[in-house]
Each structure stands twice: as structure tokens, then as C-alpha cells.
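K.L.:
I'd like to go over a predicted model; first the sequence, then the structure.
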Amino acid sequence: MDIVILDSAYKHGITSESIYSCLFNVRGGKLLNDPPPKYLFAGFDHLGNAIELVTIEEEDRNLLLVIHAMKLQKQNMYLLEGDF
């Protein structure tokens, strides 16, 4: 699956390096809505910062679109416990 980071994901100053490292170090997430599958993920970037990402999966085009990235908010900290 190809990963595409949309411009909206950079709104809060998270870099592409942090986004990619968080994607590959996801600790937990939840499905926000379906279809299309839209997920909220939480994980850590390469510097150890807790990050949250919102992605949309476009299965027909084999794409994962990252539409939002920011420092993990307090109300989403439970996602670091590993629940999917």
C-alpha cells in the first residue's frame, strides 16, 4: 500500500519524517467511520514524541492518505495502550 501525506497533515508542524516513523510505530488506533475506512492512530515518532494521525484508506487505489497529524491530545492517550 502506498502512503500519501496530504498538505493538511502538515498544519500543526509535524514533519514527514515524524509522520512516517509514527506510521511504522503505531501503538493503537480506532476506526472513525467506514466507508471509506478512516482511522485515528497513535504512536511515536523517531524522536519519541507521541503523535496522532488520521488516515483514510482508499482500497481501490491501494492508498493510505494521511490527512491529519499533530501532538497526541490528552483525550487520545488511551490509544497508546494498544487497542485497535
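P.N.:
Great, that's in hand. Since the structure is predicted, the reported quantities are computational estimates derived from the model, not experimental observations.
K.L.:
Against Pro36, how distant is the residue located most distally from the centre of the chain?
P.N.:
Outermost residue of the chain with respect to the C-alpha centroid, by CA atoms, centre = their mean, is Asp60; its distance is 19.9 Å. Distance of Asp60 to Pro36, given as CB to CB, to the nearest Å: 9 Å. (Glycine included, C-beta is placed from N, CA and C.)
K.L.:
What of Val26?
P.N.:
As judged by CB to CB, Val26 and Pro36 stand 19 Å apart.
K.L.:
got it, and Leu63?
P.N.:
10 Å.
K.L.:
of Val26 and Pro36, who's got more company?
P.N.:
Using other CB atoms under 10 Å, the more surrounded residue of Val26 and Pro36 is Val26, with 19 against 11.
K.L.:
Who does the more buried one form a beta bridge with?
P.N.:
Applying DSSP bridges to Val26 yields these beta-bridge partners: Gly43.
K.L.:
I'd like to know how many residues surround Leu47.
P.N.:
By other CB under 10 Å, neighbour count at Leu47 equals 10.
K.L.:
I'd assumed it was in a strand, is it?
P.N.:
No: secondary structure of Leu47 (DSSP: H, G, I helix; E, B strand; the rest coil): coil, not part of a strand.
K.L.:
phi, psi of the nearest residue to it once chain neighbours are set aside?
P.N.:
Leaving out its chain neighbours, the residue that sits closest to Leu47 by CB to CB, 6 or more residues apart in numbering is Ser18, at 7.3 Å. Main-chain torsions, Ser18, degrees, to the nearest 10: phi -70, psi -40.
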